[in-house]
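# below are the sequence and a predicted model for it; my questions follow.
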Amino acid sequence: MQIELRDIRKSFKVYKRPEGKWGLLRGALMRNVEVVEALSGISFGIAEGELVGYIGPNGAGKSTSVKIMSGILTPDGGECRIMGRVPWKERTAHVSRIGVVFGQRSQLWWDVPVEDSFDVLRDIYGIAPGDYRTRLAELTATLDVGALLRTPVRQLSLGQRMRCELVAALLHRPQILFLDEPTIGLDAVSKLALRSFLKEENRKHGVTMLLTTHDMDDIEALCERVMVIGHGQLLYDGQLAGLQTKYAPEVTLKVNTDAMIAAMYNDLALT
Ligand SMILES: Nc1ncnc2c1ncn2[C@@H]1O[C@H](COP(=O)(O)OP(=O)(O)OP(=O)(O)O)[C@@H](O)[C@H]1O
Ligand SMILES: [Mg+2]
């Protein structure tokens, strides 16, 4: 398995202010510590080239898992090996082989043109100039960001920024891509474009992907296998079809709203 997690546990200490009108004062004097168990023993394996959906309600532990797998967080216990490496121990070697996109947070420098951020990434990853040019040209064309390269990130629309985030995450040709809500806030046209890009990247380059989303149309369009996490535990790991049989066998009719809206927006030429 390219990605292996065994019994991964992670809890956070949160400081709570006591209630009542003296809470602020008492909170300053003695802090109430509460422990939130974000992951209480997560195990799964992902093979090279798989495109797996990772779903679950708010606060379930999805982002925490992604942060552990990308070496940002150290778990309290359990084992994790990705391409043979322990992410938080061999961070530099690890991050050179993976890409991460957090839809909620930009990884690009806010005030500088997009291309300048890409240049910094080229230096960080030590990408050879020739290879960088080829790869940037390829990604710029497929994600249609050529016209945006000289624009500061803060001036980009959400959809434009997300396409640039993907370029940034893929410049160094990672073998694994972690996507934490990449479609959040995107309109239907942008969602469809992003989905077909991810599908193609997975098919053409065999990039392994773990996709977190609250949009089931994303999952349906991209993932055969889906993992469901709730209260820090893995509740389901299998085919998407099996999930429906298990939880909602009576639901059969499904209108593809995104496709419908996308057709409408395309008519309005809003892209
Ligand atoms: N840095 C932190 N400090 C304290 N608690 C945290 C921290 N990060 C996450 N948590 C807590 O851990 C739990 C899991 O959070 P996580 O962000 O992994 O959820 P999620 O599945 O990504 O949710 P969402 O769908 O809202 O993005 C939550 O209860 C959250 O409050
Ligand atoms: Mg999250």
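Right, received. Where do you want to start? As the structure is a computational prediction, the values presented were derived from the model and not from experiment. Ligands and ions are numbered 1, 2, ... in the order given.
# for ligand 2, what are the nearby residues on this protein?
Contacts of the chain with ligand 2, taken as CB under 5 Å from the ion, map to 62-63. C-beta coordinates here come from the backbone N, C-alpha and C atoms, glycine included.
# what pLDDT, on average, does the helix of greatest length in the chain get?
Ranked by residue count, the top helix of the chain under DSSP state H comes out as helix 188-205. Helix 188-205 shows a mean pLDDT of 92.
# pretty sure R17 sits against N32.
Yes. The pair R17 / N32 is scored as a contact, 7.2 Å apart, by CB atoms under 8 Å.
# quick one: name the residues of this structure near ligand 1.
Residues of the chain found near ligand 1 (CB under 6 Å from any ligand atom) are 12, 14, 36, 38, 56, 58-64.
# change it to 8 Å
For the chain, the contact set with ligand 1 under CB under 8 Å from any ligand atom comprises 10, 12-14, 36-39, 56-67, 104, 180-181, 212, 214, 229, 232.
# from the residues you listed, keep the buried residues only.
For the residues of the chain next to ligand 1, a burial check counting by 16 or more other CB atoms under 10 Å picks out 10, 38-39, 56, 60-67, 180-181, 212, 229, 232.
# report the beta-bridge partner residues of R9.
According to DSSP bridges, the residues that bridge with R9 are S40, G77.
# in the stretch 101-250 of the chain, which residue sits closest to ligand 2?
Nearest to ligand 2, among the residues of the stretch 101-250 of the chain, is D180, at 5.9 Å (CB to the ion).
# no no, the chain
S63 (3.1 Å).
# in contact with the closest residue in space to D7 that isn't next to it in sequence, which residues?
Counting by CB to CB, 6 or more residues apart in numbering, D7 lies nearest to G78, which is 4.1 Å off, once chain neighbours are set aside. Shown in contact with G78 (CB atoms under 8 Å, 6 or more residues apart in numbering): 5-9, 41-43.
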